[in-house]
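[1] No letters, just coordinates:
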C-alpha cells in the first residue's frame, strides 16, 4: 500500500510535468505565430519587390533603342 508521502510525490511530479508541457506548448504557439508573421512579411516584401521590378522594366530603355558605344582609346591622347 503506497504511503501518503509517495502519493504526494507522484502528484507533485505529475503537476510539474503538466506545467512544463503547458510552458512548452506556449513557447511553440509563440514560435508558430512568429513564423506566420515572418512568412506574411516575406510574402509582402516579395510582392513589393516584384512590383518594383515590373515598374523598373516599364521605365527601362529597350536594348534596340540604345546607341552603340564607341571604343574610346585613351592611350592615344598623349
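    Cool, got the structure. Fair warning: this is a prediction, and the values are worked out from it, not measured in the lab.
[2] The residue nearest the centre of the chain is in what secondary structure piece?
    Nearest to the geometric centre of the chain sits residue 38, at 4.3 Å (CA atoms, centre = their mean). Under the criterion DSSP states H and E, the helix or strand holding residue 38 is helix 4-59.
[3] try residue 2
    Counting by DSSP H and E, residue 2 is found in no helix or strand.
[4] Next, work out how far apart it and residue 32 are.
    Distance of residue 2 to residue 32, given as CB to CB, to the nearest Å: 40 Å. Backbone N, C-alpha and C define where each C-beta goes, glycine included.
[5] Residue 43 now?
    16 Å.
[6] ok, how many other residues are close to residue 24?
    Taking other CB atoms under 10 Å as the criterion, the count of residues near residue 24 is 10.
[7] What mean pLDDT does the helix holding residue 38 get?
    With pLDDT averaged residue by residue, helix 4-59 scores 95.
[8] list the helices and strands it packs on?
    If you count contacts as 3 or more CB pairs under 8 Å, 6 or more residues apart in numbering; DSSP states H and E, helix 4-59 packs onto no helix or strand.
[9] chain center to it, what's the gap?
    12 Å (CA atoms, centre = their mean, to the nearest Å).
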